[in-house]
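# generate coordinates for the sequence data below:
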Amino acid sequence: MTRAYEKLARPRAFRKGELVLALRRPITGRHHDPKFAPNWEGPFIVDQVYDGGAYLLATENGEHPLPILNGRYLKKYYSQSQPPEHAKPQRHPEEDFIANWVEAHEGMTQLFSQQ
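Next up is the predicted model:
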């Protein structure tokens, strides 16, 4: 079961300057929000990265409205207007293998067709 879980689980790691959303959760006490209040708040900028997956978030003004949060309570924020510059579409290893195989196969067919 551990191996099956680890195949699908992807670690979350954020870098300084990335935009993230923070989970709205009460630290203590009961919920006082309306019934259909959003579950996530933000976006925030990752201001500082600590060991062990803890992050300090800041607003655009440089304020720190939240305490240091664990990375499990954060998720990456994608702007609708423009994707971040460092975000590249990730390819699966199978896609890389197939692309490399196709290139090699085309090269081999060209080599043998010249003879």
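# who are the neighbours in contact with the nearest residue to Asn39 once chain neighbours are set aside?
For Asn39, ignoring the flanking residues on the chain, the nearest one in space by Cβ to Cβ, 6 or more residues apart in numbering is Arg24 at 5.9 Å. Glycine gets a C-beta too; all of them are placed from N, C-alpha and C. If a contact means Cβ atoms under 8 Å, 6 or more residues apart in numbering, then Arg24 has 33, 37-41 as its contacts.
# next step: the residues you listed restricted to strands.
Taking DSSP state E, the ones among the contacts of Arg24 that sit in strands are 40-41.
# Met22: which element?
Not Met; residue 22 is Ala. strand 19-23 (DSSP states H and E).
# for that strand, buried residues please.
Residues 19-22 are the ones in strand 19-23 that count as buried (16 or more other Cβ atoms under 10 Å).
# distance between it and the chain's centre?
10 Å (Cα atoms, centre = their mean, to the nearest Å).
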